[in-house]
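Asks: got a predicted structure plus its sequence, pasted below:
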Amino acid sequence: MDKFLDYLKDKYSDEIGVAFSFFEILVFIIFLVVLTHLYSMHGDHVWGDLIFIKISTIFSGTGSIVDSIRIIDFIVALLTSFLTRMLYNKVKKKVFSFLEKLGNFDEYVQNLTSKYTDTPIENEAIRFYLASEQKQDKEKLFKQLSFFHGIGLLSFCLFITSVMGCFSFNAVDAITFFASLCIMLLVQWASFKFYVSKIVPKMVAESYLKGETIEISGEYKV
């Protein structure tokens, strides 16, 4: 059962990455603006300064943030957003491992599998139709889960940038720090609950209806 749980954790991390593009671009833009403000324009704070800046000051005019962007700012922002994505993926996996240990996840998965094996469906046409429905539902649910984690990635970005601002203490960056941390942790809990209660049953049902087995390292099968 431990190997099946490892499979679920890997599937959880792999599938939710597909719809991150919009949020990854947004995270890159945030890092680019923040880094340019801090190091090219020598700002004192992050959000304590940026929320009071006019939009026109960011995008147009001599001395605007866009006008002050250097090649090094672009490169560092790109690397920082990439590292942020990697760190967020690690956070996802660690939180998943922690949460699945809080409950009897083994028994939950066993109950799901027995639910289908105890009521076999012999008609192949019906099995194929039902399996297709399960797959479609699963893919829609994964898209929703991906959006949730896009919010989580964005909040993680705000968390990191607020740390940059807290080196020179100000209330706005401090509030952003705690708020973004709370949102990120809330997203982890909500996403785990959504995955376990909505998606895992679809995965088990689809596998059973197709007459397939979930193989983990060639040893564990459901």
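Replies: Good, I have the coordinates. The structure presented is a predicted model; accordingly, all values stated were derived computationally and were not measured.
Asks: and residue 24, how far from residue 162?
Replies: Distance, residue 24 to residue 162, by C-beta to C-beta, to the nearest Å: 19 Å. Every residue, glycine included, has its C-beta placed from N, CA and C.
Asks: er, residue 183 I mean
Replies: 12 Å.
Asks: one more: residue 57?
Replies: 21 Å.
Asks: can you check residue 169 too?
Replies: Distance of residue 169 to residue 162, given as C-beta to C-beta: 11 Å.
Asks: with neighbour numbers in mind, choose between those two.
Replies: The residue with more neighbours, out of residue 169 and residue 162, is residue 162; 25 against 10, by other C-beta atoms under 10 Å.
Asks: where's the more buried one, which helix or strand?
Replies: Assigned by DSSP states H and E, residue 162 falls within helix 124-165.
Asks: which elements pack onto that helix?
Replies: Identification of packing neighbours for helix 124-165 by 3 or more C-beta pairs under 8 Å, 6 or more residues apart in numbering; DSSP states H and E yields helix 2-15, helix 21-35, helix 47-50, helix 71-102, helix 171-194, helix 200-209.
Asks: counting by contacts, list what the last one packs against.
Replies: With contacts defined as 3+ C-beta pairs under 8 Å, 6+ apart, the packing partners of helix 200-209 are helix 105-117, helix 124-165.
Asks: and the first one, what does it pack against?
Replies: This means helix 105-117. So helix 105-117, by 3+ C-beta pairs under 8 Å, 6+ apart, packs with helix 2-15, helix 200-209.
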